[in-house]
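Asker: no sequence on hand, only this structure:
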């Protein structure tokens, strides 16, 4: 949360190298306005909506998105409103979709200030717990990913070097 994923996706979408890609960013504000509980209050129904969005993105041929099913898994695991059984079964199903991603980039929160956008949780401990859970899921599923840090320009350069091996 609040590490610059949406900013990165929006900037990548402007580049000619990504002109054939669809870009999607999370619609938390829209979903919150619909009455779907977010963050620690997230419910099974709410996480199913998020899961459906993430799964539908995987139907696109080329997509750049700021969220994955791994995010849904982490938020489900740390929800105060979902039972352990609900989280377990949802995450078991979502785990099957992880291999559908061509590239996964983990945007580290190290050195990134927490901002309040009026939607996301601003509790730094919650952000740390979500981050820890994402890393646990990546490790548990033995997912290959690239860690991203630095400013937006440095992040773009790294993404381009991974996606387009000819770029450097």
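Answerer: Received the coordinates, thanks. Fair warning: this is a prediction, and the values are worked out from it, not measured in the lab.
Asker: for the protein, name the helix or strand with the lowest mean pLDDT.
Answerer: Lowest by mean pLDDT, DSSP states H and E among the helices and strands of the chain is helix 28-33, with a mean of 74.
Asker: C-terminal to it, what's the next element?
Answerer: The first helix or strand that comes after helix 28-33 along the chain, using DSSP states H and E, is helix 44-57.
Asker: figure out how far the lengthiest helix in the chain is from the centre of its chain.
Answerer: Secondary structure of the chain read by DSSP state H shows that its longest helix is helix 124-140. Offset of helix 124-140 from its chain centre (CA atoms, centre = their mean, to the nearest Å): 12 Å.
Asker: what are the buried residues along that helix?
Answerer: Within helix 124-140, the residues scored as buried using 16 or more other CB atoms under 10 Å are 126, 127, 130, 131, 133, 134, 135, 137, 138. Quick note: C-beta positions are derived from backbone N, CA and C, even for glycine.
Asker: go on, stretch 73-82?
Answerer: In stretch 73-82, the ones that count as buried by 16+ other CB under 10 Å are 73, 74, 75, 76, 77, 78, 79, 82.
Asker: and it, how far apart are its ends?
Answerer: 12 Å (CA to CA, to the nearest Å).
Asker: any chance you could list what contacts the longest helix of the chain?
Answerer: Residues from elsewhere that reach helix 124-140 (CB atoms under 8 Å, 6 or more residues apart in numbering): 1-2, 39-40, 70-71, 73-75, 77-78, 104, 106, 109, 114, 121, 143, 145.
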